[in-house]
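> take a look and give me a structure for this.
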Amino acid sequence: MLTLPNFLTLLRIIAVPLFLILVNGGRHGAALILFFSAGITDAIDGAIARITKSKSDLGANLDPLADKLLLVSSYSMLTWLGAIPTWLFILVVMRDVVILGGYLAIYFVSTPMEIAPTFVSKLNTFNEMFTIGFALMTLARPDVPMAAINHGAWYLTGSTTAISGLHYVYSGLLWYQRQGVANPS
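All right, here's what the predicted structure looks like:
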């Protein structure tokens with residue numbers, strides 16, 4: 001069933017190609033507004049789902065997919081344009097690859113593990129979006145000196161990305177170890 005929260009999530013997914021077209025076309029101010037709007041719909045769809053008790057399996061799967069599509073495509077484009085350093089792009093993408101790879105490995109050798117976002121991963125997502133926002137502002141207004149803010153955002157995001165990734169790996173290994181103890185083969 002297509003609920004309002006799921007509809008908002010689908011709008012975020014649809015917004016990704018438009019966002020990339022705007023950024024690539026040099027329309028950085030419009031891209032920033034679209035990115036900010038997508039971020040707001042991310043907060044709103046979750047709040048609506050909780051308030052109206054309309055959480056769904058579709059929404060639980062689409063929401064993180066929409067987030068990853070927007071974040072990874074943003075980091076790809078902004079790195080390509082030189083607005084975000086390559087090392088940060090690699091760190092952000094590798095974190096997601098490691099988490100997905102670990103989940104798939106556990107899924108195929110054991111009972112599926114339920115993954116819930118942790119405080120550090122939510123903080124990391126906020127920092128990733130904050131970094132994209134400032135990179136877009138820098139592109140939209142190159143006359144405004146924001147190098148110090150951008151550098152600070154890069155290192156803060158790099159730190160929370162590494163911490164969040166390590167936390168997920170650690171949690172996955174602990175979960176897997178508990179499964180092995182409970183179900184010896």
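
> which residues sit against stretch 172-181?
Contact partners of stretch 172-181, identified using Cβ atoms under 8 Å, 6 or more residues apart in numbering, comprise Gly102, Tyr103, Ile106, Ser110, Thr111, Met113. C-beta coordinates here come from the backbone N, C-alpha and C atoms, glycine included.

> list just the nearest of these to Arg50.
Using Cβ to Cβ, Met113 comes nearest to Arg50 of the contacts of stretch 172-181, at 23.2 Å.

> and what about that closest one, helix, strand or coil?
Assigned by DSSP: H, G, I helix; E, B strand; the rest coil, the conformation of Met113 is coil.

> what ranges of the protein fall below the confidence cut-off?
Along the chain, the model assigns pLDDT under 70 to residues 1, 112, 180-185.

> quick one on the thing from earlier: between all of the contacts of stretch 172-181, which two are separated the most?
Gly102 and Thr111 (14.7 Å).

> between the two, point out the one with more neighbours.
Set side by side, Gly102 and Thr111 show more neighbours around Gly102, with 19 against 10, by other Cβ atoms under 10 Å.

> hang on, isn't that one packed against Tyr170?
No. Between Gly102 and Tyr170 there is no contact under Cβ atoms under 8 Å: 10.6 Å.

> report the longest helix in the protein, please.
Among the elements of type helix in the chain, defined by DSSP state H, the one spanning the most residues is helix 147-182.

> tell me where this structure has strands.
Ranges of strands in the chain, per DSSP state E: none exist.

> can you give me the helices in it?
For the chain, the helices defined by DSSP H cover 4-24, 28-51, 57-80, 86-109, 119-140, 147-182.

> so which bits of the longest one are buried?
With burial defined by 16 or more other Cβ atoms under 10 Å, the residues of helix 147-182 counted as buried are 150, 153-154, 157-158, 160-161, 164-165, 167-168, 172, 176.

> and the two most separated of these?
Asn150 and Tyr176 (38.3 Å).

> what sits against Phe153?
That one is not Phe; residue 153 is Ala. When contacts are counted by Cβ under 8 Å, 6+ apart, Ala153 touches Asn127, Phe130, Thr131, Phe134.

> what do you get if the cut-off is 10 Å, keeping everything else the same?
Ile84, Leu88, Asn127, Glu128, Phe130, Thr131, Ile132, Gly133, Phe134, Ala135, Met146 (Cβ atoms under 10 Å, 6 or more residues apart in numbering).

> also Trp154?
Neighbour list for Trp154: Ile84, Pro85, Trp87, Leu88, Leu91, Asn127, Thr131, Phe134, Ala135 [criterion: Cβ under 10 Å, 6+ apart].

> Pro17 now?
Taking Cβ under 10 Å, 6+ apart, we find Pro17 in contact with Leu69, Ser73.
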